[in-house]
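One predicted model, sequence on top.
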Amino acid sequence: MSSPLSPPPLLASPRSAAPAPRPSAETFPANTPAAAQIFTTLLSQGPLTRTEAGRRAGLSAAAVTKAVRPLIEAGYLVEDADEDARPALGRPANLVRVDGGRALFIGIKVTGDEIIGVLTDLCCRILLARHLPLADRAPRAVLASAAALVGELLAEADGFGVHVMGLGVAVSGDVDRAEGVVRYSPFLDWRDVPLAELAAATTGLPVTVDNDVRALTVAEQWFGAGVGLSDFAVVTVGAGIGCGLVVHGRVVAGAHGVAGEIGHVTVDPAGPPCRCGNRGCVEAIAGDAAIVRRIRDATGAEVADAAEAVALARQGVAGAREAYARAGEAIGRGIATVANLLGPERVIISGEGLAAYDLFAEQIRDAFTAAAFGSAAQCDVQTRPLAFEEWARGAAATAIQSFTAQHTH
């Protein structure tokens, strides 16, 4: 199914046959870069006083006043008296915060075997999560399932009495966010699928499509362990090895939509072949399939999946423990490459592969320290186990990002 599709009319699934509530045509009132900047600062770091928000956003008091006025009038920002911060004289300082309940968003993460959907508020807090198994990976089938899931979440959103302002979809692989096209997704076997256009036609919502690791990185930048940092990286461990990069406060997409491909950094030139055509890539040593294969070869055991591989290693089976140790070393070297190239303040390790973290944490740390050059070794390496819903939350974060930036270019 590699040919671009036009949205077929049969996609209305029986379950979403009732007319779904449609979003309003409301636009976000931050129509200048300064307003978008102040809003983003308050969204990720608030509540703050106007003075502090201006300082962090690099704006004058007059610019802050001008920027927040339309946002307060439209209900996106709220100003509260902060009784705790009462100065010795005069009235208390007012704190400005984002009203999370002012708008809703939907995030969808498509994996090889299921679709995960979340409904979030404007502050990207998950209100509801839904999982839908995927029997067929063809774009048309995935779109039909996604439409059904979005229909369910839209119906639930109706109960909140607030409009859903956007839909974010996260897919692994090479995704062109600007064009809304999935160029190549190995797990789904998709090529050149105009997903944003198709999903918008099926759901009636404004759609943002992004690579899943970049989407997770946006969520970490605005709402997670990357808040307030101008340079950090998110490394995901699991079926694949992914890496999202933030440099000078911006998520890097690369000139061709591919950046931070740490999974395909060669760490052992004599290592196993990788599906990308090279040998000894981080992913060919530390991806789930690579670990399972290595344990099978070393032990002769019939290991079906990552869960069984972890169980064998925890039982102390030597070949299994060794496979994880080697994976940890490869990940540590890969992270060191990122640290040496970019000098991030923090590296956040996440992904479903963290279920096995106890089996390779020491090796990641040791290999990172050995391979990081000079002061790059001071980089703060953190682990953040995230539930699968967090990937869908990342997709919602990209929708929030698109919504709040729509008139500021």
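Received the coordinates, thanks.

so where does Ala396 fall, helix or strand?
For Ala396, the enclosing helix or strand under DSSP states H and E is helix 389-404.

CA atoms only: put that helix into PDB for me.
This file holds the C-alpha atoms of helix 389-404, laid out as PDB (Å, rounded to 0.1, in the frame of the first residue of the first chain):
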ATOM      1  CA  GLU A 389      -0.200   6.600  26.700                       C
ATOM      2  CA  GLU A 390       2.700   9.100  26.900                       C
ATOM      3  CA  TRP A 391       3.500   8.600  23.200                       C
ATOM      4  CA  ALA A 392      -0.100   9.600  22.400                       C
ATOM      5  CA  ARG A 393       0.300  12.500  24.800                       C
ATOM      6  CA  GLY A 394       3.300  13.500  22.800                       C
ATOM      7  CA  ALA A 395       1.100  13.600  19.700                       C
ATOM      8  CA  ALA A 396      -1.400  15.800  21.600                       C
ATOM      9  CA  ALA A 397       1.500  18.100  22.500                       C
ATOM     10  CA  THR A 398       2.300  18.600  18.800                       C
ATOM     11  CA  ALA A 399      -1.300  19.500  18.200                       C
ATOM     12  CA  ILE A 400      -1.200  22.100  21.000                       C
ATOM     13  CA  GLN A 401       2.100  23.400  19.500                       C
ATOM     14  CA  SER A 402       0.500  23.800  16.100                       C
ATOM     15  CA  PHE A 403      -2.600  25.500  17.500                       C
ATOM     16  CA  THR A 404      -0.700  28.000  19.600                       C
END
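
how far is it from where the chain is centred?
Here helix 389-404 is found 7 Å from its chain centre; the criterion is Cα atoms, centre = their mean, to the nearest Å.

Could you do stretch 340-352 as well?
In this view, stretch 340-352 has its centroid 14 Å away from the chain centroid, taken as Cα atoms, centre = their mean.

buried set for that stretch?
Along stretch 340-352, the positions that meet the burial threshold by neighbour count (16 or more other Cβ atoms under 10 Å) are 342-352. All C-beta spots, glycine's among them, are computed from the backbone N, C-alpha and C.

now the helix holding Ala396: mean pLDDT?
Across helix 389-404, the average pLDDT comes to 96.

pLDDT weak spots in the stretch 151-300 of the chain?
Counting by pLDDT under 70, the stretch 151-300 of the chain contains low-confidence residues at 254-260.

quick one: the strands in it?
When assigned using DSSP state E, counting those that start in this stretch, the strands of the stretch 151-300 of the chain occupy the ranges 164-171, 174-176, 181-185, 190-193, 207-211, 232-237, 241-247, 250-251.

In CSV: the ones you listed, plus distance to Ala53 and mean neighbour count.
Rendered in CSV, the data for those read as follows (distance: least, Cβ to Cβ, whole Å; neighbours: other Cβ atoms under 10 Å):
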stretch, distance to Ala53, mean neighbour count
strand 164-171, 23, 28
strand 174-176, 33, 23
strand 181-185, 36, 21
strand 190-193, 40, 20
strand 207-211, 26, 29
strand 232-237, 22, 28
strand 241-247, 21, 25
strand 250-251, 20, 17
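
and the longest helix seen in the chain, which residues are buried?
Taking residue count as the measure and DSSP state H as the definition, the longest helix of the chain comes out as helix 318-342. Across helix 318-342, burial judged by 16+ other Cβ under 10 Å covers 319-321, 323-339, 342.

ok, now how distant is Pro70 from Ser230?
If you measure Pro70 against Ser230 using Cβ to Cβ, to the nearest Å, the figure is 27 Å.

Equivalent analysis for Arg393, please.
From Arg393 to Ser230 the distance is 23 Å (Cβ to Cβ).

These two: which is more packed in?
Here Arg393 and Ser230 are compared on neighbour count by other Cβ atoms under 10 Å; more neighbours surround Arg393, at 29 against 13.

From what I see, the more buried one and Gly117 are in contact.
No: taking contacts as Cβ atoms under 8 Å, Arg393 lies outside contact range of Gly117: 10.5 Å.

Need the residues touching each of the two.
With contacts taken as Cβ atoms under 8 Å, 6 or more residues apart in numbering, Arg393 and Gly117 have Gly107 as neighbours in common.

what residue ranges in the stretch 301-409 of the chain score low on pLDDT?
The stretch 301-409 of the chain contains residues with pLDDT under 70 at 407-409.

at 50 instead, please
Scanning the stretch 301-409 of the chain for pLDDT under 50 picks out 409.

can you pull out the helices in the stretch 101-250 of the chain?
Shown for the stretch 101-250 of the chain, the helices assigned by DSSP state H, counting those that start in this stretch span residues 139-158, 195-203, 212-223.

closest one to Ser60 among these?
In terms of Cβ to Cβ, the element of the helices of the stretch 101-250 of the chain nearest to Ser60 is helix 212-223, at 24.0 Å.

other SSEs contacting that closest one?
Helices and strands touching helix 212-223, as assessed by 3 or more Cβ pairs under 8 Å, 6 or more residues apart in numbering; DSSP states H and E, comprise helix 33-45, strand 104-110, strand 164-171, strand 232-237, strand 241-247, strand 250-251, helix 389-404.
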